[in-house]
Each structure stands twice: as C-alpha cells, then as structure tokens.
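here's a sequence, model it:
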Amino acid sequence: MVVVLENNATDEEIQNIVGHLENFGFSIHKSQGVQRTIIGAIGVKPDFDTRKIRILKGVYDVYRVTAPFKLASRSFKELDTVIKIKDVEIGGKNLALMAGPCSIESEEQIFKLAEVVAKSGTKILRGGAFKPRSSPYSFQGMGEEGLKLIRKAADEFGLVVITEVMEIAQIDLIAKYADIFQVGARNMQNFSLIKELGKAKLPVMLKRGLSGTIEEWLMSAEYMLAQGNKNVMLCERGIRTFEKYTRNTFDLSAIPVVHKKSHLPVIADPSHATGLRDQVAPMARAAVAAGADGLMIEIHHDPENALSDGPQALLPEQYNTLVGELRLIAQAIGRDLV
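Model prediction:
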C-alpha cells in the first residue's frame with residue numbers, strides 16, 4: 001500500500017501516520033520525492049480498509065500496489081533511483097561503464113587493464129576474485145589475493161571496484177576491498193545471500209538468472225530493498241533459450257519493460273549475453289539505444305591466454321573504439337557517459 005502525503009504535511013502529522021500504519025502491522029519505507037513524500041506500507045493485508053489511513057491529517061491519497069514487488073515499483077518511487085559511489089553516479093541521465101577482465105589473474109594483468117579502463121574515461125573496474133564455474137576443474141579465482149590486487153589497481157587509477165560475491169561468508173571480506181557487490185545469475189534466487197546483502201552498506205548489482213522472468217528478477221531485488229538496502233541495480237545478461245548461435249539470448253526488451261515497472265537502474269552485460277567478441281560491440285550499442293543505464297564489458301590484453309572467458313573479451317583498442325561510439329549514441333538520446 002502506498003500513502004501519498006500532502007505537500008505541506010508536518011513532521012508531527014507524518015509521525016502520526018507512520019504510528020498508525022505500524023500499529024496496523026505494516027512495515028514502513030519512506031520515499032522523498034521532489035514534490036511529495038510517499039510512505040510504502042508493506043504487509044499482506046488484502047482486506048485492510050484504506051479509509052482508516054485516508055482520513056488522517058496530512059494524507060493526500062492511499063492506494064494499493066498491485067505488483068508483487070512493492071518497493072521496486074514505480075508506484076512506490078516515481079523518480080529514477082540514482083546510486084552514488086564516490087564521484088560516480090549510476091542511473092538517471094547518466095550512462096555508467098564498467099570494464100575489466102572476467103578474472104583477476106595477476107598484478108601485472110589487473111594493473112595493465114585498470115590503466116586501459118581509466119584512460120578510456122570509464123570509472124568502474126570489474127574483475128572476479130571468486131569465480132563460479134561450470135566445471136570444478138576450471139580456474140576458480142585468486143580469492144582474497146585477487147581482491148587486494150584489484151583494490152590496489154583501482155586506487156592507483158582512481159577507479160571504483162565491482163566484484164562478485166558468491167556466498168554469505170564472503171560478504172564481510174569483499175566489503176573490505178570492493179565498492180559494489182555483484183550477484184551472479186546463478187545466485188539471483190539465493191534468498192539467504194540476497195537478504196544478507198540487503199543489510200549490507202554497499203550497493204548491489206543483481207544479475208538476471210539464466211531462466212529468470214522479469215517479475216522473479218524484480219522480486220529478488222525486492223528482498224534487498226525490504227532489508228533496507230536502497231542502492232540496488234539490475235543487470236540483464238541474457239537468458240537461456242533454445243537458440244544455439246549465441247551463448248544466451250540477450251533480452252533487450254527487458255530494459256524498457258523494467259524501466260516502466262521499476263525505478264531501479266538497469267545495466268546490460270553484452271559480454272556474457274553473447275559469449276563472442278564480434279557480437280559484444282553491436283549489442284552494447286543496441287543496449288544503450290534501448291535505454292540501459294550502464295554497461296558491463298569484459299576486456300583483456302591477451303584473451304587467447306585468459307584463464308576464463310577469453311573469447312568474449314574485447315581487446316583494449318576495440319574497447320576504446322566502442323567507448324567513442326557509445327558516447328555518440330548516449331548524446332543522441334540525451335544521456336551522459338560517465
């Protein structure tokens with residue numbers, strides 16, 4: 001249920017409204033807009049008489065949110081969420097780029113690629129220290145040593161760090177080194193993990209599951225919002241279908257659909273969606289045109305010898321060319337590349 005307050009509602013009136021809602025068993029989430037304050041009253045009470053709240057002083061309107069994702073819904077928050085990390089903003093008018101290797105492999109590798117990222121104007125460095133792999137025999141990442149290296153490289157070049165968290169036990173460790181948690185596709189519905197991330201202080205990027213519907217994806221984000229973490233962004237990285245010519249099917253239509261239904265930023269990952277280097281740039285350009293709030297792109301200076309996902313990594317010169325193209329597309333649709 002959403003309670004829209006009068007423009008001139010006083011603090012005393014707001015506290016009275018909140019008190020009534022809490023007495024009725026609702027949990028409260030406030031959203032401060034430019035013109036109005038909205039209170040989200042969360043709780044499954046289908047027979048609740050909204051007139052009990054509508055009559056209170058300071059209330060402009062009360063209505064039910066029909067979508068199962070309450071806090072992620074546009075009904076709760078009309079304005080786009082903008083996530084601020086140091087001097088980087090994700091969402092709103094901004095188009096944020098995240099780039100780096102699939103896996104942190106060595107100090108030389110991550111420093112070389114961090115320099116490429118910084119010189120391109122990109123502000124967010126990606127790299128995996130813990131890698132979920134289909135085969136138990138594949139490279140699993142460098143662990144904490146990798147985290148130390150990516151933090152060191154990011155600090156050297158003034159970058160923000162995003163890296164994947166795979167389990168609850170890793171949250172505190174990764175929080176010491178990273179600026180953004182990434183939840184991989186396989187963990188989209190790992191509710192124990194995402195509830196704990198909802199209590200964390202760092203922003204979270206939630207990747208869409210391999211077969212996840214848009215509603216399931218938004219409901220997973222809802223778990224984190226309900227725990228108090230308002231800095232949640234979504235990442236479309238392709239879904240599993242019958243098609244064999246691409247690694248996954250890149251669901252570009254999900255970007256405008258989510259934007260209509262939710263205020264959360266939507267990032268696109270054309271690298272994992274397509275799995276092949278020659279398909280990454282066209283899909284990256286298309287994602288920006290479709291309204292993505294950011295892109296996550298894998299790069300590597302020596303992809304043939306990469307320890308994971310070399311075939312989908314762009315070479316540094318290819319990435320630099322792509323950034324220039326993306327800047328033009330962003331300008332054409334009124335966005336700023338950051």
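
residue ranges with poor pLDDT in the protein?
33-35, 44, 133-135, 137-139 (pLDDT under 70).

the domain parsing of it - what is it?
2-63, 83-337 (automatic domain parsing).

ok, which of those comes nearest Phe76?
With respect to Phe76, and counting by CB to CB, the nearest of the domains of the chain is domain 2-63 at 4.8 Å. Yep, even glycine has a C-beta here, placed from its N, CA and C like the rest.

for the residue nearest in space to the middle of the chain, what are its contacts?
Geometric centre of the chain, nearest residue: Met233, 2.3 Å, by CA atoms, centre = their mean. Applying CB atoms under 8 Å, 6 or more residues apart in numbering, we find Met233 in contact with 81, 83, 90-91, 203-206, 264-267, 293-294.

for Leu218, state which of these is nearest.
When these are compared against Leu218 (criterion: CB to CB), the nearest one is Leu264, at 8.0 Å.

distance check, the closest one against Ala281.
Note on Leu264: its distance to Ala281, by CB to CB, to the nearest Å, is 26 Å.

those two - which one has more neighbours?
Neighbours of Leu264 and Ala281, each counted by other CB atoms under 10 Å, are more numerous for Leu264; the result is 27 against 19.

my guess is that one contacts Ile255. True?
No. Leu264 lies out of contact with Ile255 (CB atoms under 8 Å); the separation is 11.7 Å.

counting neighbours, what do you get for the closest residue to Gly334 other than its chain neighbours?
Once flanking residues are discounted, Gly334 sits nearest to Lys93: 7.0 Å by CB to CB, 6 or more residues apart in numbering. Other residues lying near Lys93 total 13 when counted by other CB under 10 Å.

tell me the contacts of Lys93?
Here Lys93 is in contact with Gly334, Arg335, Asp336 (CB under 8 Å, 6+ apart).

and for the first one, the neighbour number?
The burial count assigned to Gly334 is 7, neighbours taken as other CB under 10 Å.

common neighbours of Leu264 and Ile255, please.
Counting by CB under 8 Å, 6+ apart, nothing touches both Leu264 and Ile255.

that older thread, tell me which of the domains of the chain is the most buried.
Of all those, domain 83-337 has the most neighbours on average by mean count of other CB atoms under 10 Å, namely a mean of 19.

could you work out the end-to-end span of that one for me?
Terminal residues of domain 83-337 are spaced 15 Å apart (CA to CA, to the nearest Å).
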